[in-house]
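Asker: Sequence plus predicted model, see below.
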Amino acid sequence: MPAPSTATRRGSRTSLHWLGVISGLAAGAGLGAAEAPTKLVTIGLSPFMVSLGMVAGVFVARWTVPMVLKGSDYVWADLREKPHLIVWALLAGMLWAVANTLTVFAIRDVGLSVAFPLWNTNSLVGLFWGWLLFNELRGAGTRARTRVLGGAAAIVVGACLTGLATSHQAPGSPHPGMGIVAAVTAGMLWGTMYIPYRKAYISGMNPLSFVTVFTFAELGTTLAFALVYEGGPQGFATALSAAKPVLFWLFLGGFCWVIGDLFQQYAAKYIGIGRGIPLSNTNQLWGLAWGALVFGEFAGLGETGRLMIVAGSLIMIGGAAAISFAEAPEGERASWRIAMTRECTRYGLDVDRVAAAVAGDDPLSAGRTGRRWWEYLVAAVAVGIFAWLASLAARPSLQFDAAWGAALTIITILFIVFGGVVLYRRTRFS
């Protein structure tokens with residue numbers, strides 16, 4: 001029998017569960033803040049350029065953050081060890097890009113506070129795929145299953161209640177129906193995107209490695225959309241020139257999205273997509289706060305609407321709490337191990353090595369020291385891009401409460417820093 005891993009010696013079953021919970025909640029904060037710049041679509045920018053601006057920021061961040069945290073040698077070694085996951089990462093990136101573009105249309109047509117709950121139905125889609133393909137909730141017992149299913153349903157119901165309360169606050173779009181279709185479709189695509197996530201992590205891949213491939217498909221798909229729908233290279237250049245004063249805000253949103261998404265991926269790794277994705281969908285509460293407090297989306301909202309928002313938010317918080325305490329029992333963990341062993345057998349992976357990675361250890365890091373000079377160059381270039389875009393930035397003509405914006409930004413940073421510290425101490429970002 002192999003020696004117990006470091007994570008096991010720490011008594012990590014509980015700690016890894018709460019690590020996943022903390023990651024999911026930190027993801028909600030980061031993802032909620034990331035959606036704020038998409039409000040720029042309401043000042044007349046092309047949805048395709050808004051999406052491309054964000055994805056360009058995502059691309060820069062998805063290369064910079066893994067290199068800073070783990071180093072390029074680590075990322076390449078992880079990809080070489082599990083090359084079959086590259087195509088899955090590309091597929092996930094394409095699904096993400098299409099879904100993200102649809103969310104921009106949804107925000108334009110029905111507003112941030114309405115679109116958010118509609119695309120957050122992705123948690124139910126992810127819950128279904130986790131059960132069907134990766135044995136999540138199988139052998140969980142009635143109590144754990146009730147907490148997860150009830151919590152996920154509560155988050156969706158609460159989100160829909162807040163959306164219903166604010167539906168009349170959406171901008172005067174001539175196509176509200178199209179906005180609703182766009183948001184629901186985005187939710188379906190994002191829910192399906194979690195299949196490659198979970199497949200990667202029960203195979204022992206580090207989330208930081210997975211996203212470096214993921215991002216090529218994101219950028220390629222979004223760039224193709226922009227070139228086609230903006231009328232070719234000339235129309236694309238014109239649209240890009242019009243967006244230049246706000247590109248910094250879009251890049252910043254993309255960077256925030258990467259941070260939130262990384263936490264979401266760690267949540268999916270440690271507690272599965274059935275638990276991790278509903279927790280990350282607490283970003284609805286953050287989107288609600290940004291929409292109401294910063295952008296004034298609820299100006300003139302009546303007492304009934306306010307009560308519905310409070311009720312919906314409390315229901316969502318209750319759902320998140322239920323999932324947080326739904327730790328997978330031994331029977332469900334045995335089912336997870338069956339799914340992991342199946343992947344190892346299918347792709348010729350070392351079961352013990354993968355099991356250690358799944359448990360929070362990092363066998364790939366053994367004996368790796370030092371940094372490559374180009375990693376510092378990549379980080380410097382990323383900082384330079386943001387500095388250059390900041391020099392071109394102008395304040396958009398949006399209603400914006402700077403005090404609330406600063407307050408929410410500080411709270412978001414605190415969530416992210418706390419989650420990052422816990423991840424580092426427990427797993428060294430494994």
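Answerer: That came through fine.
Asker: Now the residue nearest the centre of the chain: which helix or strand?
Answerer: With distances taken as Cα atoms, centre = their mean, the chain has Asp261 as the residue nearest its mean C-alpha position (2.9 Å). Element membership for Asp261, per DSSP states H and E: helix 247-271.
Asker: the inter-axis angle of the helix or strand just after that helix versus helix 247-271?
Answerer: Reading on from helix 247-271 to the C-terminus, the next helix or strand found by DSSP H and E is helix 273-280. With axes from the mean of the first three to the mean of the last three Cα atoms, to 10 degrees as the criterion, the two stretches helix 273-280 and helix 247-271 enclose an angle of 140 degrees.
Asker: Just the CA trace of helix 273-280, in PDB.
Answerer: Written as PDB, here are the backbone C-alpha positions of helix 273-280 (Å, rounded to 0.1, in the frame of the first residue of the first chain):
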ATOM      1  CA  ILE A 273     -18.900  20.700 -10.200                       C
ATOM      2  CA  GLY A 274     -22.200  19.800  -8.400                       C
ATOM      3  CA  ARG A 275     -21.000  21.700  -5.300                       C
ATOM      4  CA  GLY A 276     -18.400  24.100  -6.600                       C
ATOM      5  CA  ILE A 277     -20.400  25.700  -9.500                       C
ATOM      6  CA  PRO A 278     -23.500  26.700  -7.400                       C
ATOM      7  CA  LEU A 279     -21.100  28.200  -4.800                       C
ATOM      8  CA  SER A 280     -19.400  30.300  -7.500                       C
END
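Asker: on contacts alone, who are the packing partners of that helix?
Answerer: Contact analysis of helix 273-280 by 3 or more Cβ pairs under 8 Å, 6 or more residues apart in numbering; DSSP states H and E lists helix 12-34, helix 122-134, helix 141-165, helix 176-201, helix 247-271, helix 303-324 as its packing neighbours. (Glycine included, C-beta is placed from N, CA and C.)
Asker: The fifth one packs against which elements?
Answerer: The criterion is 3+ Cβ pairs under 8 Å, 6+ apart, and the helices and strands that helix 247-271 contacts are helix 12-34, helix 47-69, helix 176-201, helix 207-229, helix 273-280, helix 373-392, helix 402-427.
Asker: wait, which of those helices is closest to Leu288?
Answerer: Each of the helices and strands packed on helix 247-271 was scored for nearness to Leu288 using Cβ to Cβ, and the closest is helix 12-34 (8.4 Å).
Asker: tally of neighbours for the closest residue to Phe255 other than its chain neighbours?
Answerer: The shortest distance from Phe255 to any residue other than its chain neighbours is 4.5 Å, reached at Ala61 (Cβ to Cβ, 6 or more residues apart in numbering). When counting by other Cβ atoms under 10 Å, one arrives at 24 neighbours for Ala61.
Asker: Once you drop chain neighbours, what's closest to Pro37?
Answerer: Once its chain neighbours are removed from consideration, Pro37 has its nearest residue in Gly253; the separation is 3.5 Å (Cβ to Cβ, 6+ apart).
Asker: which residues touch the one you found?
Answerer: If a contact means Cβ atoms under 8 Å, 6 or more residues apart in numbering, then Gly253 has 33-38, 53-54, 57 as its contacts.
Asker: what do you get if the cut-off is 7 Å, keeping everything else the same?
Answerer: When contacts are counted by Cβ atoms under 7 Å, 6 or more residues apart in numbering, Gly253 touches 34, 36-38, 54, 57.
Asker: which residues of this structure score low on pLDDT?
Answerer: For the chain, the stretches flagged by pLDDT under 70 are 1-14, 41, 112-113, 163, 166-175, 300, 366-369.
Asker: If we go by neighbour counts, what in the helix or strand harbouring Gln284 is buried?
Answerer: When elements are defined using DSSP H and E, Gln284 is found to belong to helix 283-289. Neighbour-count burial for helix 283-289, with 16 or more other Cβ atoms under 10 Å as criterion, is recorded at 283-289.
Asker: now it, how far from the chain's geometric center?
Answerer: Centre-to-centre, helix 283-289 and its host chain are 14 Å apart (Cα atoms, centre = their mean, to the nearest Å).
Asker: do the same with stretch 34-41
Answerer: Relative to its chain's centre, stretch 34-41 lies at 15 Å (Cα atoms, centre = their mean).
Asker: hmm, who's touching that stretch?
Answerer: For stretch 34-41, the external contacting residues (Cβ under 7 Å, 6+ apart) are 47, 50, 54, 103-104, 107-108, 112, 246, 249-250, 252-253, 256-257, 260, 287, 290, 294-295, 396, 398.
Asker: Could you rerun that using 6 Å?
Answerer: Residues from elsewhere that reach stretch 34-41, judged by Cβ atoms under 6 Å, 6 or more residues apart in numbering: 47, 50, 104, 107-108, 246, 249-250, 253, 256-257, 260, 287, 290, 295, 396.
Asker: Could I have the buried ones of these as PyMOL selection syntax?
Answerer: Buried residues within the contacts of stretch 34-41, by 16+ other Cβ under 10 Å, are selected in PyMOL with:
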select buried, resi 47+50+104+107+108+246+249+250+253+256+257+260+287+290+295
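Asker: which one of the contacts of stretch 34-41 sits closest to Val157?
Answerer: Of all the contacts of stretch 34-41, the one sitting nearest Val157 is Gly287; the distance, using Cβ to Cβ, is 16.5 Å.
Asker: now Leu301, what's its secondary structure?
Answerer: coil (DSSP: H, G, I helix; E, B strand; the rest coil).
Asker: Tell me how far it lies from Ala165.
Answerer: Using Cβ to Cβ, to the nearest Å, one obtains 7 Å as the distance from Leu301 to Ala165.
Asker: Name the residue in those two with the higher neighbour count.
Answerer: A side-by-side neighbour count of Leu301 and Ala165, using other Cβ under 10 Å, places Ala165 first with 24 against 17.
Asker: Over to Leu137: give its phi and psi.
Answerer: phi 70, psi 0 (degrees, to the nearest 10).
Asker: Thought Thr146 was touching it, still the case?
Answerer: No: with contact defined as Cβ atoms under 6 Å, Leu137 does not count as touching Thr146 (10.2 Å).
Asker: Looking at these two, which one has more neighbours?
Answerer: Neighbour comparison, Leu137 and Thr146: the larger count goes to Leu137, with 21 against 13 (by other Cβ under 10 Å).
Asker: Return the residues in contact with Tyr266.
Answerer: Contacts here follow Cβ under 6 Å, 6+ apart; on that basis Tyr266 touches 23, 207.
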